[in-house]
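Engineer: Predicted model and sequence below, questions to follow.
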Amino acid sequence: MKHISSLTSGVALGGAGLVMMSILSGCSQEEQIPANKFLIIEQQANGKYLVVEEMPTDGPSRAIIREKDANGNTVERFMSEAEMKTLAEQEYLKTQDGTSETVQGGDSSAGMGLAGTILAVAAGSLLGNMIGNALMKNKNFSQRATSVNQSPYSRSAAAKSSNKKSFFGSSSSSSSSSKSSFGS
């Protein structure tokens, strides 16, 4: 009988461990967004750039840049992850001395230069999450990063992150003004 008792408690502990692991992995999977991005960036009439499409990708980060040529025709060019990283690193160095437009105040709705746009949208995937998180703590950078990304994916991801549910199922951003009863 002693053997059955220890077996039962072992199964209960194992089951509890599995439940806890599934809860924890479920939470971490919900917040895991693929770090690499596929971007479509358009040059505006004022010469500045805005992200018009953004998609997560399992492959390397990359972008299509839409610009106007000398004749006013739209031309698309491909930008590899290495090229994006080079531009982002150059712009990041400018943030360190305060000369980057990504950390300066002012009207950001008109877009930014190409390097600033890439840094604002993909700093974490190109330069690492520590740098991306550090940049997002800068109020001006955070505002400009939000305004330069006009993609539906970005707006959808922002809406999802502002309406996350807690462990017990209640939304962290909603109020509970309505009453409900169980079993009715």
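Structural biologist: Received it, and whenever you're ready, just let me know what you need. Residues are numbered from 1 along each chain as shown.
Engineer: For the chain, just list every one of the helices.
Structural biologist: Using DSSP state H, the helices found in the chain span residues 2-31, 81-97, 114-127, 129-136, 139-148, 152-162.
Engineer: rank the ones you listed by mean pLDDT and give me the bottom one.
Structural biologist: Ranked by mean pLDDT, those bottom out at helix 2-31, which scores a mean of 50.
Engineer: Tell me how many other residues crowd residue 96.
Structural biologist: Using other CB atoms under 10 Å, residue 96 is surrounded by 9 other residues. C-betas here are computed from N, CA, C, even on glycine.
Engineer: For the residue lying closest to residue 69 once chain neighbours are set aside, give me its contacts.
Structural biologist: Nearest non-adjacent residue to residue 69, counting by CB to CB, 6 or more residues apart in numbering: residue 75, 4.9 Å away. Contacts for residue 75 (CB atoms under 8 Å, 6 or more residues apart in numbering) come out as 66-69.
Engineer: again, 10 Å this time
Structural biologist: Listed by CB atoms under 10 Å, 6 or more residues apart in numbering, the contact set of residue 75 reads 43, 65-69.
Engineer: ok, those vs residue 147, which is closest?
Structural biologist: Using CB to CB, residue 43 comes nearest to residue 147 of the contacts of residue 75, at 16.3 Å.
Engineer: thought the closest one was touching residue 49?
Structural biologist: Yes - between residue 43 and residue 49 there is a contact under CB atoms under 10 Å: 5.6 Å.
Engineer: picking up where we left off before, Throw the contacts of residue 75 into CSV and include distance to residue 144, neighbour count and pLDDT, thanks.
Structural biologist: Listed next are the contacts of residue 75 as CSV, based on distance: CB to CB, whole Å; neighbours: other CB atoms under 10 Å; pLDDT from 0 to 100:
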residue, distance to residue 144, neighbour count, pLDDT
43, 17, 18, 93
65, 19, 20, 96
66, 20, 15, 96
67, 21, 15, 94
68, 23, 14, 90
69, 27, 8, 90
